[in-house]
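Novice: pasted the sequence and its predicted model underneath.
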Amino acid sequence: MLTPSNQYLQAVEEINDYVNQAKCRASVSVNNEIMKTNIFIGNVIIRNSEWGNKFVENLSKDMKMRFPSAKGYSVRNLKYMKKFAQIFTEDDVDEYGLGRITWSHHQILMSKVSNREEYIWYLEKTLEHKWSVDDLTSQVKSQLYERQAVANKISNFARRLPAEQKDMVLSTMKDPYMFDFIDYTEEMLETDIENELVKNVTSLLMELGTGFAFMGQQYHLEVGGKDFYIDLLFYNTKLRCYVAIDLKTGEFKPEQAGKMNFYLSALDDLVKAPEDNPSVGLILCRDENRTIAEYALRDMSKPIGVSEYHLCTDLPLDLKNALPAVEDIRSRIDMKK
């Protein structure tokens with residue numbers, strides 16, 4: 001009987017890794033062909049668009065008759081193929097890895113995303129984060145592209161970080177952050193919101209983005225014999241740095257930048273490892289007041305960003321006006337008693 005050895009176990013792992021990678025390549029290859037086929041069919045529909053919906057309806061019936069075991073030839077899906085062909089060419093399938101996400105992912109993007117650049121951005125994020133269809137739907141609904149990719153973010157990162165780290169930190173930052181997963185009431189204090197965020201730490205980490213690891217709430221620092229506490233502390237494995245978050249229930253105030261600057265100096269001296277990048281600070285408030293924030297950050301020595309955060313009560317004005325007031329609901333309930 002062959003006795004397991006490190007060399008033998010290494011050989012088994014090597015074969016296992018190769019087989020799994022081959023399966024993945026085969027799956028991507030098959031999906032790529034499916035995407036190219038969908039684009040081809042979409043182009044055929046476009047070329048015969050003068051026939052209108054009747055062409056698609058007849059095509060759906062004929063394709064189902066010719067390929068009775070195949071799925072995907074419904075009128076609805078054929079219309080998705082037409083839209084897919086209007087966005088991408090067959091060459092794009094390999095260039096952008098369109099086959100690396102499912103057709104269901106593509107259907108979500110085609111139905112909810114308005115332009116090609118935004119579509120490709122969500123595709124890349126789906127691959128990066130391994131989002132399910134439900135995850136992708138949630139991120140699109142939260143307008144992640146607008147909040148993370150094109151938002152005019154407030155920070156001093158360009159002046160306080162090396163170019164490579166600056167770009168990575170900025171691409172991670174969002175404005176605003178969406179904390180609609182917590183049970184919020186108007187009476188809640190900053191510590192109450194902190195507690196709710198920590199209670200829902202999985203949702204919090206997903207909203208913060210890739211690579212965030214939770215290090216602690218009210219993280220203790222001792223400086224000069226006195227105690228100081230950071231609201232929320234994280235370590236980001238991609239950025240290779242600590243990220244300190246200061247949470248505020250009101251509008252941004254200039255003194256908050258000085259306080260964060262102090263926290264980051266202490267983190268870099270007392271906590272940061274020599275191989276880590278400089279710690280980064282993020283001040284989250286209900287109203288960021290761009291002009292005041294930009295002035296406050298201008299001469300700070302540490303890298304700091306300022307963003308708003310929104311809660312489930314932050315509804316658009318037109319939607320708020322369409323909903324009955326709490327007092328109206330209570331009075332109607334009382335009338336029925």
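Specialist: Sure thing, it's come through. Residues are numbered from 1 along each chain as shown.
Novice: low pLDDT regions in the stretch 151-300 of the chain?
Specialist: Low-confidence segments of the stretch 151-300 of the chain (pLDDT under 70): none present.
Novice: helices of that one, residue ranges please.
Specialist: Listed in chain order, the helices of the stretch 151-300 of the chain (DSSP state H, counting those that start in this stretch) span 157-160, 163-172, 190-199, 201-208, 254-270, 290-298.
Novice: check the offset of the last one from the chain's centre.
Specialist: Think helix 290-298. Distance of helix 290-298 from its chain centroid, counting by C-alpha atoms, centre = their mean, to the nearest Å, is 26 Å.
Novice: then stretch 307-314?
Specialist: Worked out by C-alpha atoms, centre = their mean, stretch 307-314 lies 16 Å from the chain centre.
Novice: follow-up on the earlier one: out of the helices of the stretch 151-300 of the chain, flag the one nearest residue 138.
Specialist: helix 201-208 (8.8 Å; C-beta to C-beta). Backbone N, C-alpha and C define where each C-beta goes, glycine included.
Novice: tell me the domain boundaries of this protein?
Specialist: Listed domain ranges for the chain are 6-147, 151-318 (source: automatic domain parsing).
Novice: one step back: turn the helices of the stretch 151-300 of the chain into JSON lines, columns for mean neighbour count.
Specialist: Compiled in JSON lines, these are given as follows (neighbours: other C-beta atoms under 10 Å):
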{"stretch": "helix 157-160", "mean neighbour count": "16"}
{"stretch": "helix 163-172", "mean neighbour count": "16"}
{"stretch": "helix 190-199", "mean neighbour count": "16"}
{"stretch": "helix 201-208", "mean neighbour count": "16"}
{"stretch": "helix 254-270", "mean neighbour count": "18"}
{"stretch": "helix 290-298", "mean neighbour count": "17"}
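Novice: picking up where we left off before, just name the most buried of the domains of the chain.
Specialist: Compared across the domains of the chain, domain 151-318 shows the largest average neighbour count, a mean of 17 (mean count of other C-beta atoms under 10 Å).
Novice: now that one, how far from the centre of its chain.
Specialist: Counting by C-alpha atoms, centre = their mean, domain 151-318 comes out at 16 Å from the chain centroid.
Novice: repeat for stretch 139-147
Specialist: With C-alpha atoms, centre = their mean, you get 7 Å for stretch 139-147.
Novice: CA atoms only for it - export them in PDB, please.
Specialist: What follows is stretch 139-147, C-alpha atoms only, in PDB (Å, rounded to 0.1, in the frame of the first residue of the first chain):
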ATOM      1  CA  GLN A 139     -26.300  46.700  -6.300                       C
ATOM      2  CA  VAL A 140     -27.900  48.100  -9.500                       C
ATOM      3  CA  LYS A 141     -31.000  49.200  -7.500                       C
ATOM      4  CA  SER A 142     -28.700  51.000  -5.000                       C
ATOM      5  CA  GLN A 143     -27.100  52.900  -8.000                       C
ATOM      6  CA  LEU A 144     -23.700  51.600  -7.100                       C
ATOM      7  CA  TYR A 145     -22.200  52.800 -10.400                       C
ATOM      8  CA  GLU A 146     -23.300  56.400  -9.700                       C
ATOM      9  CA  ARG A 147     -22.100  56.200  -6.100                       C
END
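Novice: nearest spatial neighbour of residue 75, skipping sequence neighbours?
Specialist: residue 60 (4.8 Å; C-beta to C-beta, 6 or more residues apart in numbering).
Novice: mind telling me what element the one you found is part of?
Specialist: Using DSSP states H and E, residue 60 falls within helix 53-66.
Novice: next: residue 104.
Specialist: helix 103-112.
Novice: contacts only, for the residue nearest to residue 75.
Specialist: Neighbour list for residue 60: 73, 74, 75, 78 [criterion: C-beta atoms under 8 Å, 6 or more residues apart in numbering].
Novice: could you rerun that using 6 Å?
Specialist: For residue 60, the contact set (C-beta atoms under 6 Å, 6 or more residues apart in numbering) comprises 73, 75, 78.
Novice: report the mean confidence score over whichever helix or strand comes after the helix holding residue 60.
Specialist: Per DSSP H and E, the first helix or strand lying C-terminal to helix 53-66 is helix 75-87. Helix 75-87 comes out with an average pLDDT of 96.
Novice: and the contacts of helix 75-87?
Specialist: Taking C-beta under 6 Å, 6+ apart as the rule, helix 75-87 contacts 38-39, 41-43, 45-46, 56-57, 60, 107, 110, 116.
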